[in-house]
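>>> Any chance you could fold what I've pasted below:
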Amino acid sequence: MLVAAAVCPAPPLLVPPVAAGAAGELADARTACSDALAVLAASRPDRLIVVGPADPDAGGPYPQGARGGFHGFGVACDVRLGEAPDPEGTTRPLPASLAVAAWLLGHTAWSGAPVEGLGVEEPLNTADCLEAGRELAARAERVALLVMGDGSACRTLKAPGYLDERAEAFDEAAARALGSADVAALTALDPGLASELKAAGRAPWQVLAGAAEGAGLEGRLLYEDAPYGVGYFVAAWS
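You can find the predicted model right below:
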């Protein structure tokens, strides 16, 4: 059963060595992420599952100890999901969203439950996202989720997806749903519109919605902004 969740943005720029001189611009977001992770730790879960968007070839489960990094961004910064040694037979590196999560966990001294990951392919439809969430919630008596994902990347003219007038309303709806733990509102997010607005968090958020069905959790929005023209949200559910 889901007992707590944290929602965090997933840009590699959240990692100071990647952001370099611009690291201070997301300092408030990192602080909010730390606060959300503290809620997870306080829930004392039996299992922590990190969920984040992934390309089709990077979807699926990642065991504790899986490695990733930010060499693709020109930074020699390696991360590991949890504290376990490298699992045997695992060669796939973590997708970027799970690598950012691993960095966050490593810098908040996570020492609670075992940690594993799930890469969610961004085109995954709502019904499949919800079912994946239900399956995650059933994995242990007390499950916590760390859900990574961004809002629309079309908030300004200089945004990665250029300006789309629909982006702000989409992000406002997503922020309200995340901040109030509104499962129905997250379920109602339109996958087609999310894709057009380059909102990579839609599928992971709907996995969260499936996991939270019947859990009766309450939410708090800890951070909301759109630096670089991309919607970033941090929320804690407990």
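
>>> Kindly give the local confidence score, pLDDT, for residue 85.
Residue 85 is assigned 69 on the pLDDT scale.

>>> Run through the neighbouring helices and strands of the longest helix along the chain.
As assigned by DSSP state H, the longest helix anywhere in the chain is helix 27-42. Applying 3 or more C-beta pairs under 8 Å, 6 or more residues apart in numbering; DSSP states H and E, we find helix 27-42 packed against strand 2-8, helix 96-106, strand 143-148, strand 219-225, strand 232-237. Where C-beta positions appear, they are placed from N, C-alpha and C, glycine not excepted.

>>> just checking, what packs against the last one?
So the one you mean is strand 232-237. Strand 232-237 packs on strand 2-8, helix 27-42, helix 167-179, strand 219-225, going by 3+ C-beta pairs under 8 Å, 6+ apart.

>>> for the ones you listed, which one ends up most surrounded?
With neighbours taken as mean count of other C-beta atoms under 10 Å, these reach their highest mean count in strand 2-8, at a mean of 27.

>>> Mean confidence (pLDDT) on that one, please.
98.

>>> Find the centremost residue of the protein, please.
Centroid-nearest residue in the chain: residue 148, 0.7 Å away (criterion: C-alpha atoms, centre = their mean).

>>> how much space between it and residue 141?
As for residue 148, its distance to residue 141 is 24 Å (criterion: C-beta to C-beta, to the nearest Å).

>>> next one: residue 93
From residue 93 across to residue 141, the span is 31 Å (C-beta to C-beta).

>>> Going by contacts, tell me the helices and strands next to the helix or strand following the longest helix of the chain.
Per DSSP states H and E, the first helix or strand lying C-terminal to helix 27-42 is strand 47-54. Contacts defined by 3+ C-beta pairs under 8 Å, 6+ apart place strand 47-54 against helix 96-106, strand 115-121, strand 143-148, helix 202-212.

>>> Would you mind giving those as JSON lines with distance to residue 80 added?
Formatted as JSON lines, the helices and strands packed on strand 47-54 follow (distance: least, C-beta to C-beta, whole Å):
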{"stretch": "helix 96-106", "distance to residue 80": "6"}
{"stretch": "strand 115-121", "distance to residue 80": "10"}
{"stretch": "strand 143-148", "distance to residue 80": "15"}
{"stretch": "helix 202-212", "distance to residue 80": "21"}
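
>>> Outside of the least confident helix or strand in the chain by mean pLDDT itself, list whatever touches it.
Within the chain, no helix or strand scores below helix 16-19, which has a mean of 88 by mean pLDDT, DSSP states H and E. The contact list for helix 16-19 (C-beta atoms under 8 Å, 6 or more residues apart in numbering) reads 12-13, 23, 25-26, 70, 73, 75, 77.

>>> Pull out the buried residues from these.
With neighbours counted using 16 or more other C-beta atoms under 10 Å, the contacts of helix 16-19 contain these buried positions: 12-13, 26, 70, 75, 77.

>>> can you tell me which of those residues are in helices?
Per DSSP H, helices hold no members of the buried ones among the contacts of helix 16-19.

>>> ok, the residue nearest to the centre of the chain - contacts?
If a contact means C-beta under 8 Å, 6+ apart, then residue 148 has 8-10, 50-53, 97-98, 100-101, 201, 204 as its contacts.

>>> got it, and residue 173?
If a contact means C-beta under 8 Å, 6+ apart, then residue 173 has 185, 189 as its contacts.

>>> ok, 10 Å please
Neighbouring residues of residue 173 by C-beta atoms under 10 Å, 6 or more residues apart in numbering: 151, 182, 185-186, 188-190.
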